[in-house]
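1. okay, here's the prediction I keep looking at, along with the sequence it came from:
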Amino acid sequence: MALPKNAYFQGKIVPYSDAKVGVGTHALHYGTAVFGGLRGYWNEEQKKLFVFRPMDHYRRFLQSCRLLCIDLPHTPESLTQLTLDLLRVDGYQEDIYIRPLAYKADEQIGVRLHDLKDELTVFALPFGLYLKNPTAVHVTISSWRRVDDNTIPARGKVAGAYANSSLIKTDAHRAGFDDALVLTNEGHISEGSAMNVFMVRDGMLITPPVTDNILEGITRRTVMELARVELGLTVVERPIDRTEVYICDELLLTGTAVQVAAVTKVDHRPVGNGVMGPVGEKLRQLFDDVVRGRNAKYAHWNVEV
């Protein structure tokens with residue numbers, strides 16, 4: 001993976017190689033950081049780069065900051081502008097991933113959130129597919145459980161919580177799967193290792209509620225709206241039992257990194273007919289048209305660089 005060109009760091013845009021922190025940094029030791037993930041999509045026909053729903057992403061980013069008592073002198077608007085400034089310096093003409101990170105920056109030992117300096121960095125890098133075959137993903141049910149809201153809130157992108165995601169992903173990958181589905185402590189489907197889950201069953205699109213320890217995904221919200229408005233589907237938020245994913249018609253994973261991916265096997269059991277279904281196919285095409293600025297109806301979600 002290519003390294004970023006530049007970074008916003010300590011209040012200014014600098015070469016990425018100059019954006020460094022000390023090994024004693026609090027966030028490195030205790031996971032006291034929050035991050036976001038945005039994508040920029042290159043439209044080859046228009047020769048334009050679009051950032052997808054940056055205001056929504058930065059609203060959630062600042063909510064994550066509140067969870068960890070990180071106080072930044074920023075608004076969603078100022079963070080969006082800062083990102084655009086960075087991308088104009090970078091000059092990318094390809095799909096990219098944008099990573100804002102807010103962190104406890106003091107080089108101190110001691111577990112706490114208070115009386116520590118807060119810093120912000122943002123960088124971008126070229127980024128393609130997150131999963132090698134997003135139209136035929138094979139997942140397993142993880143033996144790890146998703147962190148609970150009263151442990152580390154999954155609705156915030158808290159850096160330390162992603163040790164949970166890393167355990168899930170690595171165990172699944174080493175066992176020969178592409179990814180995994182994770183259960184809540186009550187035994188309901190929560191998420192993938194780092195993505196939201198949708199199930200098609202009985203003609204409805206079903207997804208776990210925000211109270212089942214999920215990230216309140218921007219892509220999740222996008223897919224729900226596209227499914228309702230463009231496909232005329234009934235979208236239901238309710239708990240999903242583990243065995244439902246073995247007998248459902250389609251299973252989808254969504255997120256900024258994964259975008260919209262179709263699961264075709266769960267624990268070696270075929271999902272539906274064992275190939276990507278019609279809902280997944282239509283949503284993937286709709287999503288790609290929207291994020292690349294090819295659908296004027298949803299142009300308000302894109303910000304041109």
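-> Received, thanks. Residues are numbered from 1 along each chain as shown.

2. chain center to the one helix or strand residue 219 maps to, what's the gap?
-> For residue 219, the element it lies in under DSSP states H and E is helix 218-229. On the basis of C-alpha atoms, centre = their mean, to the nearest Å, helix 218-229 sits 14 Å off its chain's mean C-alpha point.

3. neighbouring contacts of the next helix or strand after it?
-> Beyond helix 218-229 on the C-terminal side, the first helix or strand identified by DSSP H and E is strand 234-237. By C-beta atoms under 8 Å, 6 or more residues apart in numbering, the residues outside strand 234-237 that reach it are 203-210, 224, 227-228. Quick note: C-beta positions are derived from backbone N, CA and C, even for glycine.

4. residue 274 reaches residue 265, doesn't it?
-> Yes. With contact defined as C-beta atoms under 8 Å, residue 274 counts as touching residue 265 (6.9 Å).

5. neighbour count for the two, which is higher?
-> residue 265 (17 against 11; other C-beta atoms under 10 Å).

6. pretty sure residue 31 is touching residue 159, no?
-> Yes. Shown here, residue 31 and residue 159 form a contact pair, counting by C-beta under 8 Å, at 4.8 Å.

7. so those two - more neighbours on which side?
-> residue 159 (21 against 18).

8. you'd agree the more buried one is up against residue 28?
-> No. With contact defined as C-beta under 8 Å, residue 159 does not reach residue 28; the gap is 9.3 Å.

9. what segments of the protein are helices?
-> Remark: helices assigned in the chain by DSSP state H are 26-30, 54-67, 76-90, 162-174, 218-229, 244-247, 278-291.

10. for the fifth one, buried residues please.
-> In other words, helix 218-229. Neighbour-count burial for helix 218-229 flags 218-220, 222-224, 226-227 (criterion: 16 or more other C-beta atoms under 10 Å).

11. could you do the first one as well?
-> Applying a neighbour-count criterion of 16+ other C-beta under 10 Å, one finds 26-28, 30 buried in helix 26-30.

12. quick revisit: which of the contacts of strand 234-237 sit farthest apart?
-> Within the contacts of strand 234-237, 203 and 210 form the most distant pair, 23.4 Å apart (C-beta to C-beta).

13. more neighbours: which of these two?
-> A direct count of neighbours by other C-beta under 10 Å for residue 203 and residue 210 places residue 210 higher, at 15 against 9.

14. check contacts around that one.
-> 155, 216, 237.

15. closest to residue 191 out of the contacts of strand 234-237?
-> Using C-beta to C-beta, the contacts of strand 234-237 come closest to residue 191 at residue 208, 7.5 Å.

16. what mean pLDDT does stretch 1-9 have?
-> Stretch 1-9 comes out with an average pLDDT of 93.

17. alpha carbons only: can I get that stretch in PDB?
-> What follows is stretch 1-9, C-alpha atoms only, in PDB (Å, rounded to 0.1, in the frame of the first residue of the first chain):
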ATOM      1  CA  MET A   1       0.000   0.000   0.000                       C
ATOM      2  CA  ALA A   2       1.300   3.400  -1.000                       C
ATOM      3  CA  LEU A   3       2.100   5.900   1.800                       C
ATOM      4  CA  PRO A   4       0.300   9.200   2.000                       C
ATOM      5  CA  LYS A   5       1.900  12.300   0.500                       C
ATOM      6  CA  ASN A   6       1.100  14.800   3.100                       C
ATOM      7  CA  ALA A   7      -0.700  15.100   6.400                       C
ATOM      8  CA  TYR A   8      -2.500  17.800   8.400                       C
ATOM      9  CA  PHE A   9      -0.400  17.700  11.600                       C
END
